[in-house]
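Student: Got a sequence here, can you model it:
(one chain, ligands or ions: 2)
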Amino acid sequence: MENNVVLEELTPKQIVEKLDTYIIGQKSAKKSVAIALRNRTRRLKLPEDIREEIAPKNILMIGPTGVGKTEIARRLAKLCGAPFLKVEATKYTEVGYVGRDVESMIRDLMIVGFNIVKAETQEKLKEQAQKIVEDELLELLVPGSKKDVKKDKDYSAEFGTPKMTPLFGIPGDAMTINGGIIDIPITLKKETKVKDNQEEKNIEKTQAKKEEIQKDEELTKSTREKFRVWLREGKIEDREVEIMVSSQSRGGPMIFSNFGGFDQIEDAMQDLTSALQGPKRKKKKVTIAQAREILLAEQLENLLDVDSVSEEAKRRVEQMGIIFIDEIDKIAVTESRGADVSRSGVQRDILPIVEGSTVNTKHGIVDTTHILFIAAGAFNLSKPSDLIPELQGRFPLRVELDSLNAADFKRILTEPKNALTRQYKELLATENVTINFDDDAIERMSNLAAEVNRNVENIGARRLHTIMEALLEDLSFEADEYAGETINITAKYVDEKLKDIAQNQDLSKYIL
Ligand SMILES: Nc1ncnc2c1ncn2[C@@H]1O[C@H](COP(=O)(O)OP(=O)(O)OP(=O)(O)O)[C@@H](O)[C@H]1O
Ligand SMILES: [Mg+2]
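Tutor: Ligands and ions are numbered 1, 2, ... in the order given. Got it, this is the predicted structure:
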């Protein structure tokens, strides 16, 4: 969630603008994606009966390799407040075969949604949890000062233990527990003569004890308040305390890990083992700062109402969820390659999910009818028409991405927030080497990239990565020798390093 702007509140124009900061060109793809996203927000504003009728228009993005298909998905995911999942079609196998079944993408999306809602909820609970944690820390530092001492939490501080710790206040029969030693006044039944005397003494004793305890309580209370101030001022962050921590490890070796199809069973098994074993808790010595973090996480977990988080997550996944299926062309079956049972099987398995069906997940049953699907593929070996017809029909919106030319490369090298020239500049800056790219140098690199793409193979913007790497290889290698220097990358420098390679087709096949 960049700049705290939630995607749902952005107009299509604003979404495109956001994407523009990372992706050059590809206007129509950005536009379709933006409209599709906006339509979901629009749909939610409609009366329920109409809302149910409007199914999302799934998108198929088609374009050569390295032109920004995956990059658009990646950026959307970052922008997106809605549950968003990016998957590779090639990762799935037909139900019944070894591998992940396609329904697992819905389960994964649900996990994404759950985590979003969980994070939001915990953010709201933070203040409450912090208060509890402060008390818990004080209990560690000044034990026994809390009225309702939790017996199961065996906290003990390293220092500052007051000399007397009243645990249960003062019961009527003057039975007190002093630091664990039970102190019962002995009443002698037979010696009735001394009894009165004895009783009087007992009353006096009790009175004295009451006062002593009261004093101690006050002392503890003021010590506690002192520590509270220190805690808030961060003065005792490095002090060590002993706390009980639950070990994080879940279950033993994952026996089912190679059977993706069984991942639900695997989940269930893990839940079962951890439920049977119960949370393992052990004592650990940590600093106050660490203890605060551990206790806070624990409290946030305790305060969380998992059921309501699941419910809200389910609502968001069903209404706003987006699944990006990358490499869809890789599961298309061309006739020349013969019938590939497993691939068309995967396509068939995807059908009901895209069309709308229910999938059982850890957090409840999810209806997939309104989840938006965006599929993407280069389709250089296969065509969209090689997909099974039913699947083609379920992606009615087609957008084509343009292949990139030298002018695009020039912008890609410099404009995006994560532009390659910036990345290398930062990398070398860590070695105290400053590099500047001349405009001419950028121009020369872009032209070279376009040329090699034309002559050898078109790998789109990925060519820029190989060119950049070859260009700066020597500099990267010897960076320490240039520490403190500023190096201007000029057109001449580019020529020196790359021209021979670029002009020799065989060489560029291997190097660029
Ligand atoms: N239009 C663009 N603007 C900025 N950078 C781009 C653009 N297109 C590609 N890139 C860069 O090129 C690299 C590859 O792009 P991407 O992963 O999106 O390719 P793709 O279209 O998914 O290709 P493939 O079909 O091979 O998966 C990324 O690092 C990305 O930053
Ligand atoms: Mg890709």
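Student: Need the per-residue pLDDT for residue 434.
Tutor: What the model reports as pLDDT for residue 434 is 94.
Student: please begin residue numbering at 47 from this point
Tutor: Happy to do that; since the first residue is 47 now, the last one works out to residue 480.
Student: Near the residue lying closest to it once chain neighbours are set aside, how many other residues are there?
Tutor: Using CB to CB, 6 or more residues apart in numbering and skipping residues adjacent in sequence, the residue nearest residue 480 is residue 532, 4.2 Å away. C-beta here means a position set from N, CA and C on the backbone, and glycine is covered the same way. Using other CB atoms under 10 Å, residue 532 has 9 other residues around it.
Student: try the one 3 residues further on
Tutor: Summarising burial for residue 535: neighbours were counted as other CB under 10 Å, giving 23.
Student: Same check on residue 362?
Tutor: Neighbour count for residue 362, taken as other CB under 10 Å: 20.
Student: How about the one 5 residues further on?
Tutor: Neighbourhood size, residue 367 [other CB under 10 Å]: 26.
Student: for residue 315, helix, strand, or coil?
Tutor: helix (DSSP: H, G, I helix; E, B strand; the rest coil).
Student: ugh, wrong one, I meant residue 281
Tutor: Under three-state DSSP, residue 281 comes out as coil.
Student: what does the stretch 97-246 of the chain have sitting close to ligand 1?
Tutor: 109, 111-117 (CB under 6 Å from any ligand atom).
Student: just to revisit the earlier point, ok now do the residue nearest to residue 480, which residues does it touch?
Tutor: Contact analysis of residue 532 by CB atoms under 8 Å, 6 or more residues apart in numbering lists 480-482.
Student: Give the buried residues for stretch 393-407.
Tutor: Buried residues in stretch 393-407, counted by 16 or more other CB atoms under 10 Å: 393, 395-396, 399-400, 405, 407.
Student: no no, stretch 109-128
Tutor: Result for stretch 109-128 [16+ other CB under 10 Å]: buried residues 109-122, 125-128.
Student: Next: stretch 423-434.
Tutor: Quick answer for stretch 423-434 (16+ other CB under 10 Å): 423-425, 428, 430, 432-434.
Student: what distance separates that stretch from the centre of its chain?
Tutor: How far stretch 423-434 lies from its chain's middle: 33 Å, per CA atoms, centre = their mean, to the nearest Å.
Student: any bit of that stretch sitting next to ligand 1?
Tutor: Yes. For stretch 423-434, a contact with ligand 1 is found by CB under 6 Å from any ligand atom, at residue 424.
Student: what's the span of that stretch from first residue to last?
Tutor: 15 Å (CA to CA, to the nearest Å).
Student: do stretch 396-414 as well
Tutor: For stretch 396-414, the end-to-end distance is 11 Å (CA to CA).
Student: For the residue nearest to residue 533 when sequence neighbours are not counted, which residues are in contact?
Tutor: Among residues not flanking residue 533 along the chain, residue 481 sits closest, at 5.0 Å (CB to CB, 6+ apart). Shown in contact with residue 481 (CB under 8 Å, 6+ apart): 470-471, 474, 518, 521, 532-535.
Student: do the same with residue 449
Tutor: Going by CB under 8 Å, 6+ apart, the list of residues near residue 449 reads 109-110, 113, 504, 506.
Student: Compute the distance between the closest residue to ligand 1 within the stretch 447-558 of the chain and residue 466, please.
Tutor: Closest contact between the stretch 447-558 of the chain and ligand 1, by CB to the nearest ligand atom, is at residue 507 (3.4 Å). To residue 466, residue 507 is 9 Å away according to CB to CB, to the nearest Å.
Student: Residue 105 now?
Tutor: 28 Å.
Student: okay, the contacts of residue 481 in a markdown table with secondary structure, pLDDT and distance to ligand 1 next?
Tutor: Below are the contacts of residue 481 laid out as a markdown table (DSSP: H, G, I helix; E, B strand; the rest coil; pLDDT from 0 to 100; distance: CB to the nearest ligand atom, whole Å):
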| residue | secondary structure | pLDDT | distance to ligand 1 |
| --- | --- | --- | --- |
| 470 | helix | 94 | 14 |
| 471 | helix | 94 | 16 |
| 474 | helix | 93 | 19 |
| 518 | helix | 92 | 17 |
| 521 | helix | 91 | 21 |
| 532 | strand | 93 | 27 |
| 533 | strand | 93 | 25 |
| 534 | strand | 94 | 25 |
| 535 | strand | 94 | 20 |
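Student: So which of these wins on neighbours?
Tutor: residue 535 (23 neighbours).
Student: mind checking how far it is from residue 516?
Tutor: Distance from residue 535 to residue 516, by CB to CB: 13 Å.
Student: Student question: in this structure, what's the helix or strand with minimum average pLDDT?
Tutor: Of all helical and strand segments in the chain, the minimum by mean pLDDT, DSSP states H and E falls on strand 222-224, at a mean of 38.
Student: wait, what's in contact with residue 536?
Tutor: Contacts of residue 536 by CB under 8 Å, 6+ apart are 484, 486-487.
Student: Just give me the neighbour total for the closest residue to residue 479 other than its chain neighbours.
Tutor: The shortest distance from residue 479 to any non-neighbouring residue, by CB to CB, 6+ apart, is to residue 528 (4.7 Å). Using other CB under 10 Å, residue 528 is surrounded by 16 other residues.
Student: List the contacts of residue 528.
Tutor: Applying CB under 8 Å, 6+ apart, the residues contacting residue 528 are 477, 479, 521.
Student: Who does the nearest residue to residue 446 once chain neighbours are set aside form a beta bridge with?
Tutor: Take residue 446 and drop its neighbours on the chain: the residue closest to it by CB to CB, 6+ apart is residue 108, 5.2 Å away. Assessed by DSSP bridges, residue 108 has beta-bridge partners residue 423, residue 446.
Student: follow-up on the earlier one: which of the buried residues of stretch 393-407 fall in helices?
Tutor: 393, 395-396, 399-400 (DSSP state H).
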